[in-house]
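Participant: Need coordinates for the following:
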Amino acid sequence: KEEKREGGRQEDKRSGGEKGGGKTELIKLILGQIIEKADQALVIIDPKGDRGLLDAVYKITVKCGRERDFKYFTLSHPTKSDTLNLFANHLRSNDIADRIRSSISVGQSDFSNPFLNYNWMVVHATADLMLLCRIRVTTESLYKYVVTAKKELYEIATREYKNSPSKTAKEVLAKSMAHFKSKILDHDPSHFEKMVASLIPVLTVLGRGEIGRLLSPDVASIQWGDTIKNRRIVFISLPAMIDDFSTSAVGRLFVGDLVAHIGQLYAYNHVLMPVWLHVEEWYSVAFGKWVDVLNKARAAGVQASLSMQTSADITAALKKEITAQILTNTANKIFLRTPELELANEFSELFGEVMVPKRVVTRSINSALDKTDNLFKSGMSERLDMVPIPLVSPTMLTTLPRGEGFIQTQGFPPIKMRFPLLDTSGVAADSFFNRLNPEVPLSTAELEEEAAEKLMGEQMSLEMEEEGDGSEPDEQPDDPLAGFVGLSEEDFQK
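Facilitator: Numbers count the residues shown, from 1 in each chain. Next comes the predicted model:
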């Protein structure tokens, strides 16, 4: 039976199920509908770097004629990746410090930890001085001025102080310089290294080498303003199986910057721009900020879908209290087959119990040896009791066939679903990386655009040559394709 729930797409979703239960196929169906509707931006975070999911999303994008809306960021293939500044959207220096603190893996997320608090202070003091000196904060610049060039930053701030014409600006800069000097520059070097021992690895991974260049571009090719306004599709592929440390750090900073941008739009411009955020194997990038993403960012238009295998994965990454908050704030839950009894019990308990009739029949046989006419006697009784049973039992969830599941949505009774599992073994693979292979021929639209760009480039070169020799330039048409006027369609294509 087809079920329709009004407003169901406006709620956060969580899907769970064991490997091989059809979870990836279900995700492809959901994301395909979002791409086809083209009424909101779609951001996908895939910590495991699933090529099958990437190719499926790209194939749907091409089929819908939205190939130019597709953006791809990956740490595995830096030369094929778009670029992104993870600190592009911040209001104050403490925003940057908060994001770095969420990415520090020190075995706990307790903010009372003195090492964690000191690391936060170091990033805050450095970022504050950089912003006052009009230095753009990126992962590369933050690594430079926290690890290798602390004195250089202080010298830049000193020159800025001397050249500043504003008395108020000088006062603010002087306070920041004094804080930076007392807490960082004048700190005992050996003790400083011990205190920031958990901070340095994060900044080193994010601020050096190919990853540093990807995250610190002069002009990022992925910008949230453009992504949300033009409803683009952004696929973030992170190599969790190769480098779990950088995957977790980049994933957390990525979510923090996106949510910060959406929050600024909502708070200051009162603009509601819907964004669908989907995260595969969500526990790989789980951190406490997700409570705000699910609880508060929804009002600003963020719709999140989180995919995982078991709830134990979340508990391993977060405290039990934070895990409970996150699971509570997901309004829609989709459960496929799972071998985990705890997860099955969680779904079963969502709907409580129902009373069902139970027929009880009793029979009795007694001996009657004291009487000569009857050797025994018998009796039978029957009654109908009402007993409670789970509306959806855990056994129903642990024995589901592939491609079937249950949905709990917005307080409605559970929905039993079945989705198609298409056999694509005989279909030629349409890989995203074929687009990046120069041997693969371009499409007709790409050939036309390339020809137009080449013609415009030749025209600009000709104009520059004419300006350089001092002669009067010939009049050039405003339309770069004006020279083709009068040609037939066939000749123009050639």
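Participant: Where do the helices of the stretch 1-150 of the chain begin and end?
Facilitator: Counting by DSSP state H, counting those that start in this stretch, one finds helices in the stretch 1-150 of the chain at the ranges 23-37, 51-63, 93-103, 114-132, 139-143, 150-163.
Participant: CSV for these, including distance to T328, mean pLDDT and mean neighbour count?
Facilitator: Bear in mind the C-beta positions are built from the backbone N, C-alpha and C, glycine included. Below are the helices of the stretch 1-150 of the chain laid out as CSV (distance: least, CB to CB, whole Å; pLDDT from 0 to 100; neighbours: other CB atoms under 10 Å):
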stretch, distance to T328, mean pLDDT, mean neighbour count
helix 23-37, 22, 89, 18
helix 51-63, 28, 88, 18
helix 93-103, 21, 85, 21
helix 114-132, 26, 91, 20
helix 139-143, 34, 92, 22
helix 150-163, 44, 92, 14
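Participant: Any chance of CSV for those, columns distance to I389?
Facilitator: Compiled in CSV, those are given as follows (distance: least, CB to CB, whole Å):
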stretch, distance to I389
helix 23-37, 28
helix 51-63, 39
helix 93-103, 44
helix 114-132, 48
helix 139-143, 55
helix 150-163, 67
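Participant: what's the closest of those to F235?
Facilitator: With CB to CB as the criterion, F235 lies closest to helix 51-63 of these, at 6.1 Å.
Participant: rewinding a little: relative to P339, which of the helices of the stretch 1-150 of the chain is closest?
Facilitator: Across the helices of the stretch 1-150 of the chain, P339 has its closest neighbour in helix 23-37 (13.3 Å, CB to CB).
Participant: gap between that closest one and the chain center?
Facilitator: Taking CA atoms, centre = their mean, to the nearest Å, the mean C-alpha location of helix 23-37 is offset from the chain mean by 16 Å.
Participant: Tell me the helices and strands packed up against that helix.
Facilitator: Packing contacts for helix 23-37, counted by 3 or more CB pairs under 8 Å, 6 or more residues apart in numbering; DSSP states H and E, involve strand 13-16, strand 41-46, helix 51-63, strand 275-279, strand 302-308.
Participant: of the ones you listed, which approaches L294 most closely?
Facilitator: Using CB to CB, the helices and strands packed on helix 23-37 put strand 302-308 closest to L294, at 6.1 Å.
Participant: hang on, L318 packs against Q325?
Facilitator: No: judged on CB atoms under 8 Å, L318 makes no contact with Q325 at a distance of 9.2 Å.
Participant: what's the closest of the helices of the stretch 1-150 of the chain to E342?
Facilitator: Short answer: helix 23-37, nearest of the helices of the stretch 1-150 of the chain by CB to CB, at 17.9 Å.
Participant: Could I have the CA atoms of the closest one written out in CSV?
Facilitator: The C-alpha coordinates for helix 23-37 follow below in CSV (Å, rounded to 0.1, in the frame of the first residue of the first chain):
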residue,chain,number,x,y,z
LYS,A,23,21.0,0.3,2.7
THR,A,24,23.1,1.7,-0.1
GLU,A,25,20.4,1.0,-2.7
LEU,A,26,17.9,2.8,-0.5
ILE,A,27,20.2,5.8,-0.2
LYS,A,28,20.6,5.9,-4.0
LEU,A,29,16.8,6.1,-4.4
ILE,A,30,16.5,8.9,-1.9
LEU,A,31,19.4,11.0,-3.3
GLY,A,32,18.2,10.4,-6.9
GLN,A,33,14.8,12.0,-6.1
ILE,A,34,16.5,15.0,-4.5
ILE,A,35,18.8,15.5,-7.6
GLU,A,36,15.8,15.1,-10.0
LYS,A,37,13.6,17.6,-8.1
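Participant: got the contact list for stretch 210-228?
Facilitator: Stretch 210-228 is contacted by residues 41, 43, 71, 73, 75, 78, 81-86, 88-89, 138-141, 143, 205-207, 232, 234, 246, 250, 257-258, 261-262, 265, 273, 275 when judged by CB atoms under 8 Å, 6 or more residues apart in numbering.
Participant: If we use 7 Å, what do you get?
Facilitator: With contacts defined as CB atoms under 7 Å, 6 or more residues apart in numbering, stretch 210-228 is touched by 41, 71, 73, 75, 78, 81-86, 88-89, 138-141, 205-206, 232, 234, 246, 258, 261, 273, 275.
Participant: before we move on, what about stretch 193-207?
Facilitator: With contacts defined as CB under 7 Å, 6+ apart, stretch 193-207 is touched by 100, 103-104, 106, 115, 118-119, 122, 139-140, 142-143, 146-147, 211-212, 215, 245-246, 249.
Participant: Check stretch 149-163 too.
Facilitator: Residues outside stretch 149-163 that contact it (CB under 7 Å, 6+ apart): 126, 129-130, 133, 145, 170, 173-174, 177, 180-181, 184-185.
Participant: Then stretch 59-73?
Facilitator: Stretch 59-73 has contacts (CB under 7 Å, 6+ apart) with 32, 35-36, 38, 58, 81-82, 84, 221-222, 230-236, 430, 432.
Participant: Mind doing that once more with 6 Å?
Facilitator: 32, 35-36, 81-82, 84, 222, 232-236, 430 (CB atoms under 6 Å, 6 or more residues apart in numbering).
Participant: Which PyMOL command selects the buried ones in these?
Facilitator: A single PyMOL command selects the buried members of the contacts of stretch 59-73 (16 or more other CB atoms under 10 Å):
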select buried, resi 32+35+81+82+84+222+232+233+234+235+236
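Participant: ok, so of the contacts of stretch 59-73, who is nearest P401?
Facilitator: G32 (22.3 Å).
Participant: Contact partners for that closest one?
Facilitator: Per CB under 6 Å, 6+ apart, neighbours of G32: I60.
Participant: Surely K48 touches Y283?
Facilitator: No: assessed by CB atoms under 6 Å, K48 is found out of contact with Y283, at 11.0 Å.
Participant: for F180, what are its contacts?
Facilitator: A125, L129.
Participant: L318 and Q325: which has the busier surroundings?
Facilitator: Here L318 and Q325 are set side by side on neighbour count (other CB atoms under 10 Å), and the busier one is L318, at 20 against 16.
Participant: where does S443 land on pLDDT?
Facilitator: We have a pLDDT of 45 for S443.
Participant: And for I365?
Facilitator: 83.
Participant: name the element it belongs to?
Facilitator: According to DSSP states H and E, I365 maps onto strand 353-367.
Participant: Need the residues that contact that strand.
Facilitator: By CB under 6 Å, 6+ apart, strand 353-367 touches 376-391.
Participant: Out of those, name the ones that lie in strands.
Facilitator: Judged by DSSP state E, the contacts of strand 353-367 include 376-390 as members of strands.
Participant: Near R383, how many other residues are there?
Facilitator: 9.
Participant: about what we covered before: which stretch among the helices and strands packed on helix 23-37 comes nearest T409?
Facilitator: Counting by CB to CB, T409 lies closest to strand 13-16 out of the helices and strands packed on helix 23-37; the figure is 8.6 Å.
Participant: Pick out the most distant pair among the ones in strands among the contacts of strand 353-367.
Facilitator: By the measure CB to CB, F376 and P390 form the most distant pair in these, at 42.2 Å.
Participant: Could I get the average pLDDT for stretch 320-328?
Facilitator: 71.
Participant: Give me the buried positions along it.
Facilitator: Using 16+ other CB under 10 Å as the test for burial, stretch 320-328 gives I322, T323, Q325, I326.
Participant: Including distance to K358 and secondary structure, could these go into JSON lines?
Facilitator: Output for these, formatted as JSON lines (distance: CB to CB, whole Å; DSSP: H, G, I helix; E, B strand; the rest coil):
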{"residue": "I322", "distance to K358": "41", "secondary structure": "helix"}
{"residue": "T323", "distance to K358": "37", "secondary structure": "helix"}
{"residue": "Q325", "distance to K358": "39", "secondary structure": "helix"}
{"residue": "I326", "distance to K358": "38", "secondary structure": "helix"}
